[in-house]
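**Q** Quick one: sequence and predicted model below, then my questions.
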Amino acid sequence: MDIKEYIASGVVELYAMGTLSSEEKKEFEQKMLIYPEVATELKIVQEALENYVLVNSRNPRPSLRAEIIASATESESDKMTKSKVRKMDSNHKLTYKYLIAASLAALLISTFASWFFYKNWNDAEDRYVSALNEKNQIALNYNLVKNTFEHTYSDLMLMRDENAKVMMLMPVDSTKHFQARVYWNKYSRETYIDILSLPDPGEGKQYQLWALTAGNPVDAGIFILPNDAGMQRLKNIIEADQWAVTIEPTGGSLNPSLDQMILVSKNS
Amino acid sequence: MLLAREAKGIEILYDNYSAALYGVIHRIIQNDEIAEDVLQETFLKIWNNFGQYDSVKGRLFSWMINIARNGAIDKIRSKEFSSQQKNQDIEKTVFSGSDVLNTVYNPDTIGLRQMVQKLDQEYRQIIELLFFGGYSQSAAADKLNIPLGTVKTRSRAALQKLRTYFGKEESR
(Lines give C-alpha, C1' and ligand atoms only; values in the text may rest on other atoms or scores of the structure.)
Protein backbone atom coordinates (compact mmCIF):
# COMPACT_ATOMS: atom_id res chain seq x y z
CA MET A 1 0.00 0.00 0.00
CA ASP A 2 1.25 3.40 -0.98
CA ILE A 3 2.14 5.46 2.05
CA LYS A 4 0.03 8.39 0.90
CA GLU A 5 -2.90 6.05 0.57
CA TYR A 6 -2.16 4.65 3.99
CA ILE A 7 -2.23 8.16 5.49
CA ALA A 8 -5.36 9.05 3.59
CA SER A 9 -7.15 5.94 4.93
CA GLY A 10 -7.82 7.67 8.26
CA VAL A 11 -5.54 5.37 10.23
CA VAL A 12 -3.57 8.34 11.58
CA GLU A 13 -6.72 9.91 13.00
CA LEU A 14 -7.82 6.60 14.47
CA TYR A 15 -4.42 6.16 16.07
CA ALA A 16 -4.55 9.66 17.47
CA MET A 17 -7.99 9.00 18.96
CA GLY A 18 -6.76 5.72 20.44
CA THR A 19 -9.20 3.44 18.66
CA LEU A 20 -6.86 1.23 16.67
CA SER A 21 -6.72 -2.44 17.53
CA SER A 22 -3.42 -3.51 19.02
CA GLU A 23 -2.33 -5.10 15.73
CA GLU A 24 -3.17 -1.98 13.74
CA LYS A 25 -1.42 0.08 16.35
CA LYS A 26 1.74 -1.98 16.10
CA GLU A 27 1.71 -1.73 12.31
CA PHE A 28 1.19 2.03 12.51
CA GLU A 29 4.07 2.55 14.91
CA GLN A 30 6.36 0.52 12.65
CA LYS A 31 5.33 2.58 9.62
CA MET A 32 5.87 5.75 11.59
CA LEU A 33 9.48 4.71 12.19
CA ILE A 34 10.02 3.99 8.51
CA TYR A 35 8.08 6.88 6.97
CA PRO A 36 8.66 10.32 8.42
CA GLU A 37 5.51 11.50 6.61
CA VAL A 38 3.43 9.34 8.91
CA ALA A 39 5.04 10.84 11.98
CA THR A 40 4.56 14.35 10.62
CA GLU A 41 0.94 13.64 9.80
CA LEU A 42 0.38 12.26 13.29
CA LYS A 43 1.74 15.45 14.86
CA ILE A 44 -0.65 17.57 12.77
CA VAL A 45 -3.63 15.37 13.65
CA GLN A 46 -2.69 15.32 17.31
CA GLU A 47 -2.42 19.08 17.33
CA ALA A 48 -5.92 19.35 15.93
CA LEU A 49 -7.23 16.94 18.53
CA GLU A 50 -5.37 18.79 21.27
CA ASN A 51 -7.01 21.98 20.19
CA TYR A 52 -10.36 20.27 20.25
CA VAL A 53 -9.61 19.14 23.78
CA LEU A 54 -8.52 22.65 24.75
CA VAL A 55 -11.78 24.02 23.45
CA ASN A 56 -13.53 21.60 25.74
CA SER A 57 -11.44 22.59 28.76
CA ARG A 58 -13.19 22.67 32.09
CA ASN A 59 -11.67 24.14 35.21
CA PRO A 60 -11.77 21.77 38.13
CA ARG A 61 -12.74 23.20 41.52
CA PRO A 62 -9.84 25.38 42.73
CA SER A 63 -9.20 23.47 45.98
CA LEU A 64 -8.43 20.32 43.98
CA ARG A 65 -5.10 21.83 42.92
CA ALA A 66 -3.57 21.62 46.39
CA GLU A 67 -4.98 18.13 46.97
CA ILE A 68 -3.55 16.70 43.78
CA ILE A 69 -0.17 18.38 44.21
CA ALA A 70 -0.02 17.10 47.77
CA SER A 71 -0.92 13.53 46.77
CA ALA A 72 1.62 13.55 43.93
CA THR A 73 4.33 14.82 46.27
CA GLU A 74 3.28 12.23 48.83
CA SER A 75 3.42 9.38 46.33
CA GLU A 76 6.86 10.63 45.35
CA SER A 77 8.14 10.54 48.90
CA ASP A 78 6.38 7.17 49.35
CA LYS A 79 8.34 5.78 46.44
CA MET A 80 11.57 7.01 47.97
CA THR A 81 10.68 5.62 51.35
CA LYS A 82 9.63 2.31 49.85
CA SER A 83 12.86 1.86 47.95
CA LYS A 84 14.76 2.61 51.15
CA VAL A 85 12.59 0.20 53.09
CA ARG A 86 13.10 -2.49 50.52
CA LYS A 87 16.85 -2.07 50.75
CA MET A 88 16.66 -2.28 54.48
CA ASP A 89 14.47 -5.38 54.16
CA SER A 90 17.06 -7.27 52.15
CA ASN A 91 19.73 -6.11 54.58
CA HIS A 92 17.53 -7.27 57.39
CA LYS A 93 17.12 -10.70 55.87
CA LEU A 94 20.87 -11.09 55.73
CA THR A 95 21.23 -9.63 59.19
CA TYR A 96 18.60 -12.02 60.51
CA LYS A 97 20.47 -14.97 59.07
CA TYR A 98 23.63 -13.83 60.80
CA LEU A 99 21.73 -13.14 63.97
CA ILE A 100 20.11 -16.58 63.94
CA ALA A 101 23.43 -18.28 63.23
CA ALA A 102 25.13 -16.23 65.91
CA SER A 103 22.44 -16.91 68.48
CA LEU A 104 22.50 -20.65 67.72
CA ALA A 105 26.26 -20.67 68.20
CA ALA A 106 25.88 -18.64 71.37
CA LEU A 107 23.23 -21.07 72.60
CA LEU A 108 25.50 -24.04 71.94
CA ILE A 109 28.43 -22.40 73.68
CA SER A 110 26.40 -21.26 76.62
CA THR A 111 24.78 -24.70 76.97
CA PHE A 112 28.18 -26.33 77.03
CA ALA A 113 29.48 -23.67 79.38
CA SER A 114 26.48 -24.13 81.64
CA TRP A 115 27.04 -27.88 81.79
CA PHE A 116 30.76 -27.42 82.32
CA PHE A 117 30.35 -24.87 85.07
CA TYR A 118 27.51 -26.82 86.66
CA LYS A 119 29.70 -29.89 86.83
CA ASN A 120 32.59 -27.86 88.22
CA TRP A 121 30.28 -26.20 90.67
CA ASN A 122 28.96 -29.56 91.77
CA ASP A 123 32.50 -30.88 92.30
CA ALA A 124 33.45 -27.72 94.13
CA GLU A 125 30.31 -27.96 96.23
CA ASP A 126 31.15 -31.55 97.19
CA ARG A 127 34.71 -30.64 98.04
CA TYR A 128 33.53 -27.61 99.95
CA VAL A 129 31.10 -29.69 102.01
CA SER A 130 33.71 -32.30 102.83
CA ALA A 131 36.21 -29.56 103.68
CA LEU A 132 33.62 -27.95 105.87
CA ASN A 133 32.96 -31.23 107.66
CA GLU A 134 36.65 -31.76 108.10
CA LYS A 135 37.02 -28.25 109.46
CA ASN A 136 34.17 -28.78 111.89
CA GLN A 137 35.67 -32.07 112.99
CA ILE A 138 39.04 -30.43 113.51
CA ALA A 139 37.43 -27.55 115.37
CA LEU A 140 35.59 -30.03 117.56
CA ASN A 141 38.78 -31.96 118.23
CA TYR A 142 40.63 -28.77 118.90
CA ASN A 143 38.03 -27.65 121.40
CA LEU A 144 38.17 -31.03 123.06
CA VAL A 145 41.92 -30.95 123.23
CA LYS A 146 41.89 -27.35 124.34
CA ASN A 147 39.38 -28.07 127.08
CA THR A 148 41.35 -31.05 128.22
CA PHE A 149 44.52 -29.08 128.10
CA GLU A 150 43.07 -26.16 130.03
CA HIS A 151 41.68 -28.52 132.56
CA THR A 152 44.98 -30.30 132.90
CA TYR A 153 46.87 -27.04 132.88
CA SER A 154 44.75 -25.54 135.66
CA ASP A 155 45.14 -28.75 137.63
CA LEU A 156 48.86 -28.56 137.09
CA MET A 157 49.01 -24.90 138.05
CA LEU A 158 47.06 -25.72 141.15
CA MET A 159 49.50 -28.40 142.15
CA ARG A 160 52.49 -26.35 141.26
CA ASP A 161 51.29 -23.38 143.36
CA GLU A 162 53.70 -23.00 146.24
CA ASN A 163 50.85 -22.19 148.60
CA ALA A 164 48.90 -25.28 147.66
CA LYS A 165 48.83 -27.97 150.29
CA VAL A 166 48.29 -31.55 149.13
CA MET A 167 46.67 -33.90 151.59
CA MET A 168 46.34 -37.62 151.02
CA LEU A 169 43.06 -39.07 152.31
CA MET A 170 43.32 -42.68 153.28
CA PRO A 171 40.57 -45.22 153.96
CA VAL A 172 39.19 -45.53 157.49
CA ASP A 173 38.81 -49.23 156.90
CA SER A 174 42.44 -50.09 156.17
CA THR A 175 41.42 -53.27 154.35
CA LYS A 176 39.99 -51.14 151.51
CA HIS A 177 42.04 -49.39 148.79
CA PHE A 178 40.09 -46.19 148.71
CA GLN A 179 42.07 -43.01 148.09
CA ALA A 180 41.64 -39.32 147.33
CA ARG A 181 43.70 -36.16 147.43
CA VAL A 182 42.69 -32.70 148.55
CA TYR A 183 44.40 -29.60 147.24
CA TRP A 184 43.89 -26.55 149.39
CA ASN A 185 45.35 -23.10 148.97
CA LYS A 186 45.15 -21.41 152.31
CA TYR A 187 45.60 -17.93 150.77
CA SER A 188 43.10 -18.16 147.98
CA ARG A 189 41.07 -20.63 150.08
CA GLU A 190 40.34 -22.71 146.98
CA THR A 191 39.67 -26.40 147.67
CA TYR A 192 39.87 -29.26 145.14
CA ILE A 193 39.40 -32.94 145.45
CA ASP A 194 41.08 -35.49 143.20
CA ILE A 195 39.41 -38.87 143.48
CA LEU A 196 41.85 -41.67 143.00
CA SER A 197 39.66 -44.57 144.01
CA LEU A 198 36.20 -44.56 145.58
CA PRO A 199 33.24 -46.95 145.36
CA ASP A 200 29.76 -45.97 144.22
CA PRO A 201 28.14 -44.32 147.26
CA GLY A 202 24.81 -46.11 146.57
CA GLU A 203 21.29 -45.04 145.69
CA GLY A 204 20.32 -41.66 147.22
CA LYS A 205 23.76 -41.13 148.64
CA GLN A 206 26.59 -38.65 147.91
CA TYR A 207 30.08 -38.11 149.11
CA GLN A 208 30.74 -35.01 151.22
CA LEU A 209 34.06 -33.45 152.12
CA TRP A 210 34.64 -32.00 155.56
CA ALA A 211 37.34 -29.62 156.73
CA LEU A 212 38.17 -30.23 160.37
CA THR A 213 39.71 -27.63 162.60
CA ALA A 214 40.66 -29.00 166.03
CA GLY A 215 38.12 -31.76 165.49
CA ASN A 216 35.29 -29.36 164.44
CA PRO A 217 33.89 -30.30 160.98
CA VAL A 218 33.06 -27.60 158.38
CA ASP A 219 31.13 -28.52 155.24
CA ALA A 220 33.46 -28.35 152.24
CA GLY A 221 30.86 -29.41 149.71
CA ILE A 222 29.44 -32.50 148.11
CA PHE A 223 30.97 -34.20 145.11
CA ILE A 224 30.23 -36.94 142.65
CA LEU A 225 32.23 -39.71 141.19
CA PRO A 226 33.52 -38.14 137.98
CA ASN A 227 33.81 -39.98 134.65
CA ASP A 228 37.19 -38.48 133.93
CA ALA A 229 40.15 -38.16 136.24
CA GLY A 230 39.77 -34.44 136.66
CA MET A 231 39.71 -32.56 139.92
CA GLN A 232 36.54 -31.04 141.31
CA ARG A 233 36.42 -27.64 142.89
CA LEU A 234 34.53 -27.58 146.18
CA LYS A 235 33.74 -24.84 148.74
CA ASN A 236 36.34 -22.29 149.80
CA ILE A 237 37.81 -23.22 153.14
CA ILE A 238 39.34 -20.69 155.51
CA GLU A 239 41.05 -23.01 157.92
CA ALA A 240 41.64 -26.77 158.20
CA ASP A 241 44.07 -29.14 159.90
CA GLN A 242 42.39 -32.35 158.84
CA TRP A 243 40.08 -33.54 155.97
CA ALA A 244 37.48 -36.29 155.90
CA VAL A 245 35.00 -37.77 153.40
CA THR A 246 31.68 -39.22 154.52
CA ILE A 247 28.72 -40.74 152.69
CA GLU A 248 25.64 -38.57 153.21
CA PRO A 249 22.09 -38.52 151.83
CA THR A 250 21.80 -36.68 148.47
CA GLY A 251 22.13 -32.96 149.06
CA GLY A 252 24.56 -33.35 151.91
CA SER A 253 24.23 -32.93 155.68
CA LEU A 254 24.93 -30.14 158.15
CA ASN A 255 26.96 -32.43 160.32
CA PRO A 256 28.96 -35.43 159.17
CA SER A 257 27.66 -38.92 159.84
CA LEU A 258 30.83 -40.15 161.49
CA ASP A 259 29.87 -43.78 161.17
CA GLN A 260 29.79 -43.24 157.45
CA MET A 261 33.32 -41.86 157.27
CA ILE A 262 35.20 -43.40 154.34
CA LEU A 263 38.39 -41.36 154.09
CA VAL A 264 40.36 -39.27 156.45
CA SER A 265 43.72 -37.40 156.26
CA LYS A 266 46.45 -37.41 158.73
CA ASN A 267 46.41 -34.58 161.19
CA SER A 268 48.71 -31.86 159.87
CA MET B 1 15.29 19.88 48.23
CA LEU B 2 14.41 17.15 45.76
CA LEU B 3 10.84 17.02 47.02
CA ALA B 4 10.54 20.78 46.72
CA ARG B 5 11.62 20.56 43.09
CA GLU B 6 9.20 17.70 42.48
CA ALA B 7 6.37 19.76 43.95
CA LYS B 8 7.25 22.65 41.65
CA GLY B 9 7.14 20.35 38.63
CA ILE B 10 3.74 19.03 39.58
CA GLU B 11 2.47 22.58 40.05
CA ILE B 12 3.58 23.58 36.57
CA LEU B 13 2.07 20.45 35.10
CA TYR B 14 -1.20 21.02 36.92
CA ASP B 15 -1.49 24.70 36.07
CA ASN B 16 -0.92 24.06 32.37
CA TYR B 17 -2.97 20.95 31.78
CA SER B 18 -5.55 20.43 34.52
CA ALA B 19 -8.37 22.29 32.75
CA ALA B 20 -7.83 20.49 29.43
CA LEU B 21 -7.52 17.07 31.05
CA TYR B 22 -10.42 17.69 33.41
CA GLY B 23 -12.48 18.68 30.36
CA VAL B 24 -11.75 15.33 28.72
CA ILE B 25 -12.38 13.36 31.89
CA HIS B 26 -15.54 15.20 32.84
CA ARG B 27 -16.93 14.80 29.37
CA ILE B 28 -16.54 11.03 29.70
CA ILE B 29 -17.44 10.62 33.37
CA GLN B 30 -20.23 13.21 33.68
CA ASN B 31 -19.80 13.36 37.46
CA ASP B 32 -17.78 15.99 39.30
CA GLU B 33 -16.64 13.83 42.19
CA ILE B 34 -15.59 10.82 40.15
CA ALA B 35 -14.03 13.05 37.49
CA GLU B 36 -11.94 14.70 40.20
CA ASP B 37 -10.74 11.29 41.37
CA VAL B 38 -9.81 10.33 37.83
CA LEU B 39 -8.03 13.66 37.35
CA GLN B 40 -5.96 12.94 40.44
CA GLU B 41 -5.15 9.43 39.23
CA THR B 42 -4.28 10.87 35.83
CA PHE B 43 -1.79 13.32 37.27
CA LEU B 44 -0.21 10.62 39.41
CA LYS B 45 0.08 8.37 36.37
CA ILE B 46 1.57 11.17 34.25
CA TRP B 47 3.93 12.08 37.07
CA ASN B 48 5.06 8.55 37.81
CA ASN B 49 5.37 7.45 34.18
CA PHE B 50 6.95 10.58 32.84
CA GLY B 51 10.07 8.61 31.93
CA GLN B 52 8.02 6.34 29.71
CA TYR B 53 6.88 9.12 27.40
CA ASP B 54 8.27 8.43 23.93
CA SER B 55 8.36 11.50 21.70
CA VAL B 56 8.59 9.26 18.64
CA LYS B 57 5.06 8.01 19.27
CA GLY B 58 3.54 11.46 19.41
CA ARG B 59 3.22 14.78 21.15
CA LEU B 60 3.53 15.12 24.91
CA PHE B 61 0.17 16.82 25.37
CA SER B 62 -1.50 14.05 23.35
CA TRP B 63 0.23 11.47 25.51
CA MET B 64 -1.24 13.12 28.60
CA ILE B 65 -4.67 13.44 27.00
CA ASN B 66 -4.64 9.73 26.21
CA ILE B 67 -3.78 8.89 29.82
CA ALA B 68 -6.72 11.02 30.98
CA ARG B 69 -9.03 9.56 28.35
CA ASN B 70 -8.07 5.95 28.98
CA GLY B 71 -8.32 6.43 32.75
CA ALA B 72 -11.78 7.90 32.41
CA ILE B 73 -12.99 5.21 30.03
CA ASP B 74 -11.60 2.49 32.28
CA LYS B 75 -13.45 4.13 35.16
CA ILE B 76 -16.86 4.15 33.48
CA ARG B 77 -16.37 0.55 32.44
CA SER B 78 -15.46 -0.50 35.98
CA LYS B 79 -17.97 -2.16 38.30
CA GLU B 80 -17.32 0.51 40.87
CA PHE B 81 -18.57 3.14 38.47
CA SER B 82 -21.59 1.29 37.14
CA SER B 83 -22.78 0.65 40.69
CA GLN B 84 -22.41 4.31 41.59
CA GLN B 85 -23.67 5.71 38.40
CA LYS B 86 -26.53 4.41 36.34
CA ASN B 87 -24.06 4.50 33.48
CA GLN B 88 -25.22 7.63 31.85
CA ASP B 89 -25.43 6.95 28.19
CA ILE B 90 -22.55 8.32 26.27
CA GLU B 91 -24.98 9.03 23.44
CA LYS B 92 -26.66 11.55 25.64
CA THR B 93 -23.44 13.51 25.67
CA VAL B 94 -22.45 12.66 22.16
CA PHE B 95 -25.65 13.85 20.61
CA SER B 96 -26.34 16.80 22.86
CA GLY B 97 -24.10 19.22 21.06
CA SER B 98 -25.08 22.21 23.12
CA ASP B 99 -24.00 20.54 26.35
CA VAL B 100 -20.52 20.02 24.96
CA LEU B 101 -20.06 23.69 24.42
CA ASN B 102 -21.58 24.71 27.71
CA THR B 103 -18.73 22.98 29.52
CA VAL B 104 -16.15 25.34 28.11
CA TYR B 105 -14.87 27.78 30.69
CA ASN B 106 -11.43 28.49 29.35
CA PRO B 107 -11.53 32.09 28.07
CA ASP B 108 -8.64 31.42 25.65
CA THR B 109 -10.79 29.01 23.71
CA ILE B 110 -13.94 31.08 23.53
CA GLY B 111 -13.11 32.17 20.02
CA LEU B 112 -12.58 28.60 18.92
CA ARG B 113 -15.85 27.57 20.46
CA GLN B 114 -17.83 29.23 17.74
CA MET B 115 -15.81 27.41 15.10
CA VAL B 116 -16.22 24.04 16.68
CA GLN B 117 -19.89 24.75 16.91
CA LYS B 118 -19.84 24.89 13.14
CA LEU B 119 -18.44 21.36 12.98
CA ASP B 120 -20.93 19.19 11.25
CA GLN B 121 -23.02 16.98 13.42
CA GLU B 122 -21.76 13.80 11.76
CA TYR B 123 -18.15 14.79 12.29
CA ARG B 124 -18.74 15.67 15.90
CA GLN B 125 -20.49 12.36 16.45
CA ILE B 126 -17.58 10.31 15.17
CA ILE B 127 -15.07 12.13 17.38
CA GLU B 128 -17.31 11.89 20.43
CA LEU B 129 -17.95 8.18 19.97
CA LEU B 130 -14.40 7.12 19.19
CA PHE B 131 -12.43 9.54 21.28
CA PHE B 132 -14.63 10.32 24.28
CA GLY B 133 -16.85 7.25 24.12
CA GLY B 134 -14.07 4.73 23.71
CA TYR B 135 -16.04 2.96 21.03
CA SER B 136 -14.22 0.54 18.79
CA GLN B 137 -14.46 1.24 15.06
CA SER B 138 -16.94 -1.60 14.53
CA ALA B 139 -19.03 -0.54 17.54
CA ALA B 140 -19.12 3.00 16.20
CA ALA B 141 -20.08 1.65 12.77
CA ASP B 142 -22.96 -0.29 14.34
CA LYS B 143 -23.98 2.69 16.42
CA LEU B 144 -24.05 5.09 13.48
CA ASN B 145 -25.31 2.40 11.14
CA ILE B 146 -22.53 3.04 8.62
CA PRO B 147 -19.96 0.69 7.02
CA LEU B 148 -16.68 0.13 8.85
CA GLY B 149 -14.70 1.83 6.08
CA THR B 150 -16.80 4.94 6.49
CA VAL B 151 -15.80 5.20 10.15
CA LYS B 152 -12.21 5.63 8.99
CA THR B 153 -12.87 8.08 6.24
CA ARG B 154 -15.27 10.09 8.36
CA SER B 155 -12.73 10.24 11.16
CA ARG B 156 -10.20 11.64 8.75
CA ALA B 157 -12.64 14.12 7.35
CA ALA B 158 -13.66 15.25 10.83
CA LEU B 159 -10.13 15.90 11.91
CA GLN B 160 -9.27 17.53 8.60
CA LYS B 161 -12.11 19.89 9.30
CA LEU B 162 -10.80 20.56 12.79
CA ARG B 163 -7.39 21.21 11.33
CA THR B 164 -8.75 23.87 9.05
CA TYR B 165 -10.42 25.63 11.97
CA PHE B 166 -7.45 25.50 14.22
CA GLY B 167 -5.03 26.04 11.40
CA LYS B 168 -6.65 29.41 10.83
CA GLU B 169 -6.52 30.07 14.49
CA GLU B 170 -2.80 29.20 14.62
CA SER B 171 -1.93 31.38 11.66
CA ARG B 172 -3.75 34.34 13.16
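**A** The structure has been received and is ready for your questions.

**Q** where does A:Lys205 fall, phi/psi-wise?
**A** phi -120, psi 160 (degrees, to the nearest 10).

**Q** which residues touch the closest residue to it other than its chain neighbours?
**A** Distance criterion C-beta to C-beta, 6 or more residues apart in numbering or on different chains; nearest residue to A:Lys205, sequence neighbours excluded, is A:Ile247 at 5.1 Å. For every residue, glycine as well, the C-beta is placed using N, CA and C. A:Ile247 makes contacts with A:Pro201, A:Gly202, A:Lys205, A:Gln206, A:Tyr207, A:Gln208, A:Ser257, A:Gln260, A:Ile262, as judged by C-beta atoms under 8 Å, 6 or more residues apart in numbering or on different chains.

**Q** List just the nearest of those residues to B:Ala158.
**A** Of all the contacts of A:Ile247, A:Gln206 has the smallest distance to B:Ala158: 150.6 Å, by C-beta to C-beta.

**Q** does the residue of the stretch 101-250 of chain A found nearest chain B belong to a helix or a strand, and which?
**A** Distances between the stretch 101-250 of chain A and chain B by C-beta to the nearest C-beta are smallest at A:Ala102, namely 37.9 Å. Element membership for A:Ala102 (DSSP states H and E) is helix A:64-160.

**Q** Check which helices and strands that helix sits against.
**A** strand A:179-185, strand A:191-197, helix B:2-29, helix B:32-48 (3 or more C-beta pairs under 8 Å, 6 or more residues apart in numbering or on different chains; DSSP states H and E).

**Q** related to what we said a few turns ago, select only the buried ones of the contacts of A:Ile247 in ChimeraX?
**A** Buried members of the contacts of A:Ile247, defined by 16 or more other C-beta atoms under 10 Å in any protein chain shown, are picked up in ChimeraX with:
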select /A:201,206,207,208,260,262
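
**Q** can you redo the contacts of A:Ile247 as JSON lines with distance to B:Arg154?
**A** JSON lines is the format used below for the contacts of A:Ile247 (distance: C-beta to C-beta, whole Å):
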{"residue": "A:Pro201", "distance to B:Arg154": "155"}
{"residue": "A:Gly202", "distance to B:Arg154": "156"}
{"residue": "A:Lys205", "distance to B:Arg154": "155"}
{"residue": "A:Gln206", "distance to B:Arg154": "152"}
{"residue": "A:Tyr207", "distance to B:Arg154": "155"}
{"residue": "A:Gln208", "distance to B:Arg154": "157"}
{"residue": "A:Ser257", "distance to B:Arg154": "164"}
{"residue": "A:Gln260", "distance to B:Arg154": "163"}
{"residue": "A:Ile262", "distance to B:Arg154": "162"}
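
**Q** Can you flag which of the contacts of A:Ile247 belong to strands?
**A** Among the contacts of A:Ile247, the members found in strands (DSSP state E) are A:Lys205, A:Gln206, A:Tyr207, A:Gln208, A:Ile262.

**Q** tell me the two of those residues that are most distant?
**A** The widest separation within those (C-beta to C-beta) is 11.8 Å, between A:Gln206 and A:Ile262.

**Q** Skipping adjacent residues, who's closest to B:His26 in space?
**A** That would be B:Ala35: by C-beta to C-beta, 6+ apart, it lies 4.4 Å from B:His26.

**Q** Just confirm that neighbour contacts B:Val24, I think it does.
**A** No: using C-beta atoms under 8 Å, B:Ala35 makes no contact with B:Val24, being 9.5 Å away.

**Q** Is it correct that B:Ala19 is in contact with A:Asn59?
**A** Yes: using C-beta under 8 Å, B:Ala19 is in contact with A:Asn59, at 4.9 Å.

**Q** Those two: which is more packed in?
**A** Just comparing B:Ala19 and A:Asn59: by other C-beta atoms under 10 Å in any protein chain shown the higher neighbour count belongs to B:Ala19, 21 against 13.

**Q** From A:Ile222, how far off is the more buried one?
**A** Here the criterion is C-beta to C-beta, to the nearest Å. By it, B:Ala19 lies 134 Å from A:Ile222.

**Q** related to what we said a few turns ago, OK, contacts around the residue nearest to B:His26?
**A** Contacts of B:Ala35 (C-beta under 8 Å, 6+ apart): A:Pro60, B:Tyr22, B:Ile25, B:His26, B:Ile29, B:Ala72.

**Q** between those residues, which has the most around it?
**A** Of the contacts of B:Ala35, with other C-beta under 10 Å as the count, B:Ile25 tops at 29 neighbours.

**Q** thought that one was touching B:Phe43?
**A** No: in this structure, B:Ile25 is not within contact of B:Phe43 by C-beta under 8 Å, at 10.7 Å.

**Q** And the pLDDT for the nearest residue to A:Ala180 once chain neighbours are set aside?
**A** Leaving out its chain neighbours, the residue that sits closest to A:Ala180 by C-beta to C-beta, 6+ apart is A:Leu169, at 4.5 Å. As predicted, A:Leu169 sits at a pLDDT of 90.
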